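[1] give me a 3D structure for the following:
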Amino acid sequence: MEGTGRKDEGVIVMNRFYVDKNQIHGEWVRIVGEDVKHITRVLRLQEGHGVVICDGDNTDYQGIIEKVNKDEVKVRLGRSTQTGTEPDLDIILYQAVAKGTKMELIIQKGTELGVARFVPVITFRTVVKLEGETDARKKQERWQRIAMEAAKQSRRGKIPVVEPPIKFTHALEDMGKCSLAIMPYEGEKSRSIDSIPGKRGDYGKIGIMIGPEGGFEQQEAEDARQRGIHILRMGPRILRTETAGMAATAILMYRFGDLGGQ
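    Model (predicted):
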């Protein structure tokens, strides 16, 4: 296989592409869409060049480009290995829809940190107004593309799913499926995030609920508490909505995931 990737400290890093598992047929895969343009016009890869194909389900394949045309690139697949970049811990970020590019930043950085699923939430103080199902779907599609690009950049083995926006009460119901569910809330004065008991491996799925720019209503916090969600403080300073989720994710991924915790 001819190495055509970039060099990082003398090691060749092969160009890597995501495909849907349905595009893999035996030892062959067809790459279509925007990646064809990237392969042929930007990277200028040709027949015989080596690439890595990720199926989006934590498996990487060594591949060789066998055929190139304007509509598709056909790759013969070889040895497969686990991607090795996915945490054992599933973190689900229930994020109140944030204004402007904040939501995009949250999804991008959350993907890099290892978030498995994003659930946009409409809370009482959510400023962003979704103008019907069409508007909500367009936003979801854009957020999903951002998750895809961030997954590529950070070499994730799986692409995080961005769900359609849901109401706060429905999000609380969904969080009931998690083995641990938390809500950072500025009104909580006693219990902090470091008070959560346990060690790595104790939780399989953790839900984090993050409020909007104006914070949660007190009643929302009470509703969450009544459903068994842990209401916590994140420290003495008030964090912006685009900061709080990333801080909570990093802390929990360190303690119970793969960011260095024991």
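[2] OK, contacts around Glu66?
    47, 74-76 (CB atoms under 8 Å, 6 or more residues apart in numbering). (Each C-beta comes from the backbone N, C-alpha and C, glycine too.)
[3] which of the residues you listed lies closest to Thr169?
    Set against Thr169, the nearest of the contacts of Glu66 by CB to CB is Val75 (46.3 Å).
[4] so that closest one touches Val68, yeah?
    No - taking CB atoms under 8 Å as the definition, Val75 is not a contact partner of Val68, at 9.8 Å.
[5] which one of the contacts of Glu66 has the most neighbours?
    Val75 (29 neighbours; other CB atoms under 10 Å).
[6] low-confidence regions, the stretch 1-150 of the chain specifically.
    1-13 (pLDDT under 70).
[7] domain parsing of the chain, as residue ranges.
    6-82, 90-256 (automatic domain parsing).
[8] SS state for Gly235?
    Here Gly235 is recorded as coil under DSSP: H, G, I helix; E, B strand; the rest coil.
[9] contacting residues for the closest residue in space to it that isn't next to it in sequence?
    Nearest residue to Gly235 in three dimensions, chain neighbours excluded: Ser192, at 7.3 Å (CB to CB, 6 or more residues apart in numbering). Ser192 makes contacts with 232-235, as judged by CB under 8 Å, 6+ apart.
[10] ok, back up a step: pick the most buried one from the domains of the chain.
    domain 90-256 (a mean of 18; mean count of other CB atoms under 10 Å).
[11] endpoints of that domain, how far apart?
    10 Å (CA to CA, to the nearest Å).
[12] do the same with stretch 149-159
    Terminal-residue distance, stretch 149-159 (CA to CA): 9 Å.
[13] chain center to it, what's the gap?
    In this view, stretch 149-159 has its centroid 8 Å away from the chain centroid, taken as CA atoms, centre = their mean, to the nearest Å.
[14] what helix or strand is Lys109 located in?
    Here Lys109 is covered by helix 102-113, with elements defined by DSSP states H and E.
[15] if the residue nearest to Gly235 is in a bridge, with which residues?
    Arg233 (DSSP bridges).
[16] pLDDT score for it?
    For Ser192, the model assigns a pLDDT of 93.
[17] the one 10 residues further on too?
    The confidence metric pLDDT takes the value 92 at Asp202.
[18] which SS state does it fall under?
    Classified using three-state DSSP, Asp202 is coil.
[19] centre of the chain to stretch 77-94, how far?
    Using CA atoms, centre = their mean, the offset of stretch 77-94 from its chain centre is 11 Å.
[20] now stretch 242-252
    Counting by CA atoms, centre = their mean, stretch 242-252 comes out at 13 Å from the chain centroid.
[21] then stretch 70-79?
    26 Å.
[22] hmm, who's touching it?
    1, 24, 27-32, 35-36, 39-40, 45, 51, 53, 61-68.
[23] please repeat the previous calculation with a cut-off of 6 Å.
    Residues outside stretch 70-79 that contact it (CB atoms under 6 Å, 6 or more residues apart in numbering) are 27, 29-32, 36, 39, 61-67.
[24] hang on, the earlier thing: against which helices or strands is the next helix or strand after the helix holding Lys109 packed?
    The first helix or strand that comes after helix 102-113 along the chain, using DSSP H and E, is strand 117-122. The contact analysis (3 or more CB pairs under 6 Å, 6 or more residues apart in numbering; DSSP states H and E) places strand 117-122 against strand 90-96.
[25] for the strand it packs on, packing partners?
    Using 3+ CB pairs under 6 Å, 6+ apart, strand 90-96 is in contact with strand 117-122, strand 205-210, helix 241-256.
[26] let's have the ones you listed in JSON lines, adding distance to Pro184.
    Output for the helices and strands packed on strand 90-96, formatted as JSON lines (distance: least, CB to CB, whole Å):
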{"stretch": "strand 117-122", "distance to Pro184": "14"}
{"stretch": "strand 205-210", "distance to Pro184": "7"}
{"stretch": "helix 241-256", "distance to Pro184": "5"}
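[27] first to last residue in stretch 187-201, what's the distance?
    OK, stretch 187-201 end separation, CA to CA: 30 Å.
[28] fine, thanks again, bye for now.
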